[in-house]
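Visitor: any chance you could fold what I've pasted below:
(2 chains)
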Amino acid sequence: MSKVFVHALYDDDDKLRDGAIKVRSLGYGIKEIFSPFPVHGIDKIMGLNRTRISICCFIYGVTGFSLAFTMIWYMLIHDWPIDIGGKPNYTWYHNIPSWIPILFESTVFCAAHGMALTFLLRSWLFPGVSPKNPDPRTTDDHFLMITTAHSAEDVTLLTDAAKATGAVEITKVESKN
Amino acid sequence: MHQDSIIREPLLLGKKTYHQVTEDVARPVEGIANKYWWALFILAVIAWSWGIGCICYTIGRGIGTWNLNRTINWGWDITNFVWWIGIGHAGTLISAVLCLFRQRWRLTINRSAEAMTIFAVMCAAIFPVIHMGRPWLAYFVLPLPNQFGSLWVNFNSPLLWDVFAISTYFSVSIVFWYLGLIPDFAMIRDRAKTKSRKILYTLFSFGWSGRAKDWQRFEEVTLVLAGICTPLVFSVHSIVSSDFATGIVRGWHSTVYPPYFVAGAIFSGMAMVLTLVIVGRKVLDLEEYITIQHIETMNKVMLTMGSVVGVAYFAEFFQAWYSGDPNESFIYLSWNNAKGVYGWAFWSLIICNNILPQILWLKGARRNLYITFILSIVINIGMWFERFDIVVTDLYRDYIPSTWTYYSPSYVEVGIFVGTIGMFFTFFLLFARWFPFIAQAELKTTLKATGDLYHNPPRQPKSSDIKVELQPLHATVETINTKYHHE
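Guide: Next up is the predicted model:
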């Protein structure tokens, strides 16, 4: 038998959570869950790794800080020191207090935009991308759990698990490959 | 899941289910605009057009079309700039600071408050650019190599800090706002009946499908962005205040300015949010989402910030007098100003910002929509006067009495200000028609904790409601006897 995807549609997030726990306790993996809002804790039940996007954010922030520091040092100290009101810019350590605002803003700028772009890139969200949710109700009030069955026994077990936890619709989708 | 305390009132009235939230948020986007919307929209576009005309006239003829003079060289233009930037602050406060504090009442107002931030910063940015006189040379503020050899911008100047702060604030606010909009656009896309709406919202929603991993990243990004937007919002108005505080003009040269400006910004921004949502909840039929409780909470924030601002005014006033310095005794918050030719501006500030808001100590006033609406406009006028007083009444009594002068705006300056108000409302009205007004995806996460339908366990009666019924003594004895016999 070829692979079969069991689509279990729930109308409540707590029932979905129960369903996911049940499927996992039977020893099956969960292929995907589509939900209209973040269901807290579902990533742990599914066994998803913690996202590393905040680490990326920190790295972008450090990059932004370093770029701004280098830029200001080059322009104001190295390339063309300006004597403003008898306060010349010949040394970076005398000037650094007044650089703090721009260093901070550049850090935030790079951290925020870098993180947002990383998120869009990793989740592949761009204008023109077609949505992947099989059922349009999953952006409204329904929750879809997709599990993979490799045998007729798997199908029965997964369907029973979905039924027992209150799924409102269960569909079997034949895999194309 | 987080459970709210049972003594709290539900934040979402009307027994809403997940689907009902979807319906209510999508209704204004899917429906057609009513005549009030069109009337306001046309009015806003006319005002904006008038502003564009005045801006063109300013650019064509030069800053001479304004009534600025040698002594008062900053007038309505910088006043309006600071006022608009201040208004923007409440949006980020609601979406970022209250997100970190896990304040769930923010969820029905954060979307519109963030939209307000973005449009307000757009209005604000117009003013310094046209004040340059030659706005086609505005790129000179960027650290670019230019035709004067390698003469770079001055990184020690607060005016340059402004360039970095406001561009960062504007762009990061847009990103924060738009990321939150993506799942809501997907909701509208998935229920779209017409082809054009389907295509439009598929584009807007970036192909969002609500996968578990996407939601995990989404939550992390929202939290971290809230974390870095919080110091950002405080830095922006601190930097705007440094435009004044690092100057040597008495009245401006004051170390209290950064916290004082931030408090003032939140004060005026909250007032503007209230103005907008009190109308918005009625027009878009969202009264069960933005409840009287929301209005009251915002009023409390406004009262707190108003009090902080009041204390700052008092400190400025006291120091001006206590220093004994004749120059200081002519600053914007001083007795000499109160009884001088700009006394009307001084008293407008005090009445609008300090005296009238005291009514908010009364619970009845905080929960009254008419009082709140009028007061929110009064506070915005008061906060405009605060900036006007800082800019103009600190300048008009110069160090040499022969240069003392008076300033009132030309019709061009008034026109540009009216134009930015028109522009702001044009954008806001378009936003209310085309974009989901409430962050419905985020709201649904708290429906079970704060919604009327799911608010479980049921409401506990107040102690005064509980009737204590004393059982007659013989009944108790009977019960005991029955119990005894049964055993």
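
Visitor: going forward, measure contacts and count neighbours with C-alpha atoms only.
Guide: OK.

Visitor: residue ranges for the helices of the stretch 351-487 of chain B, please.
Guide: Ranges of helices in the stretch 351-487 of chain B, per DSSP state H, counting those that start in this stretch, are B:363-366, B:369-392, B:411-434, B:440-445, B:447-450, B:473-486.

Visitor: to clarify, my last question referred to chain A.
Guide: With helices called from DSSP state H, chain A shows them at A:13-25, A:42-46, A:53-72, A:92-122, A:152-164.

Visitor: of all the helices of the stretch 351-487 of chain B, which one is nearest chain A?
Guide: helix B:440-445 (5.0 Å; Cα to the nearest Cα).

Visitor: how far out from the middle of the chain is that closest one?
Guide: Computed by Cα atoms, centre = their mean, to the nearest Å, the chain-centroid distance of helix B:440-445 equals 22 Å.

Visitor: likewise stretch B:157-174?
Guide: 17 Å.

Visitor: stretch A:13-24 too?
Guide: Worked out by Cα atoms, centre = their mean, stretch A:13-24 lies 21 Å from the chain centre.

Visitor: could you check it against chain B for contacts?
Guide: No - Stretch A:13-24 does not reach chain B (Cα under 8 Å from any Cα of the partner chain); its nearest approach is 9.4 Å.

Visitor: buried set for that stretch?
Guide: Across stretch A:13-24, burial judged by 16 or more other Cα atoms under 10 Å in any protein chain shown covers A:D13, A:K15, A:L16, A:R17, A:D18, A:G19, A:A20, A:I21, A:K22, A:V23.

Visitor: neighbours of B:W384, how many?
Guide: Using other Cα atoms under 10 Å in any protein chain shown, B:W384 has 22 other residues around it.

Visitor: now do it, the pLDDT please.
Guide: Note for B:W384: predicted pLDDT of 94.

Visitor: how about B:P472?
Guide: 47.

Visitor: for the nearest residue to B:L429 once chain neighbours are set aside, which three-state class applies?
Guide: Once flanking residues are discounted, B:L429 sits nearest to B:F41: 6.6 Å by Cα to Cα, 6 or more residues apart in numbering or on different chains. Here B:F41 takes the helix state, with states given by DSSP: H, G, I helix; E, B strand; the rest coil.

Visitor: near B:F41, how many other residues are there?
Guide: 19.

Visitor: quick check, the helix or strand of chain A with the lowest mean pLDDT touching chain B?
Guide: Of all helical and strand segments in chain A, the minimum by mean pLDDT, DSSP states H and E falls on strand A:87-88, at a mean of 74. No - judged by Cα under 8 Å from any Cα, strand A:87-88 and chain B are separated, with a smallest distance of 10.3 Å.

Visitor: returning to what we had before: okay, the helices of the stretch 351-487 of chain B in a markdown table with distance to B:N73 next?
Guide: Formatted as a markdown table, the helices of the stretch 351-487 of chain B follow (distance: least, Cα to Cα, whole Å):
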| stretch | distance to B:N73 |
| --- | --- |
| helix B:363-366 | 40 |
| helix B:369-392 | 9 |
| helix B:411-434 | 13 |
| helix B:440-445 | 47 |
| helix B:447-450 | 52 |
| helix B:473-486 | 88 |
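
Visitor: quick one: B:N154 from chain A, how far?
Guide: To chain A, B:N154 is 7 Å away according to Cα to the nearest Cα, to the nearest Å.

Visitor: I should have written B:S95 there, sorry.
Guide: Taking Cα to the nearest Cα as the measure, B:S95 falls 15 Å from chain A.

Visitor: quick check: closest non-adjacent residue to that residue.
Guide: Using Cα to Cα, 6+ apart and skipping residues adjacent in sequence, the residue nearest B:S95 is B:N110, 5.2 Å away.

Visitor: quick one: buried residues of stretch B:187-202?
Guide: For stretch B:187-202, by 16+ other Cα under 10 Å, it's B:M187, B:I188, B:R189, B:D190, B:R191, B:A192, B:R197, B:K198, B:Y201, B:T202.

Visitor: same deal with stretch B:336-344?
Guide: Neighbour count says stretch B:336-344 has B:N336, B:N337, B:A338, B:Y342, B:G343 buried, by 16+ other Cα under 10 Å.

Visitor: then that stretch to CSV, C-alphas only?
Guide: Provided in CSV are the C-alpha atoms of stretch B:336-344 (Å, rounded to 0.1, in the frame of the first residue of the first chain):
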residue,chain,number,x,y,z
ASN,B,336,6.5,86.0,33.1
ASN,B,337,5.3,83.8,30.2
ALA,B,338,1.9,83.2,31.9
LYS,B,339,1.2,86.9,32.1
GLY,B,340,3.0,87.9,28.9
VAL,B,341,1.8,88.2,25.3
TYR,B,342,1.8,84.5,24.9
GLY,B,343,-0.2,84.0,28.1
TRP,B,344,-3.1,82.5,26.1
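
Visitor: what does stretch A:77-85 rub up against?
Guide: The contact list for stretch A:77-85, computed with Cα atoms under 8 Å, 6 or more residues apart in numbering or on different chains, reads A:M75, A:L76, A:P88, A:N89, A:Y90, A:T91, A:W92, B:S150, B:L151, B:W152.

Visitor: whoops, I mixed them up, stretch B:313-325
Guide: B:E328, B:S329, B:F330, B:I331, B:L333, B:S334, B:W335.

Visitor: for the first one, which non-adjacent residue is closest in space?
Guide: Here the nearest residue to B:E328 in space, its sequence neighbours aside, is B:A320; by Cα to Cα, 6+ apart that works out to 5.1 Å.

Visitor: which secondary structure element contains that neighbour?
Guide: Using DSSP states H and E, B:A320 maps to helix B:292-322.

Visitor: quick one: what helix or strand has B:S167 in it?
Guide: helix B:158-190.

Visitor: same check on B:G207?
Guide: Applying DSSP H and E, one finds B:G207 in no helix or strand.
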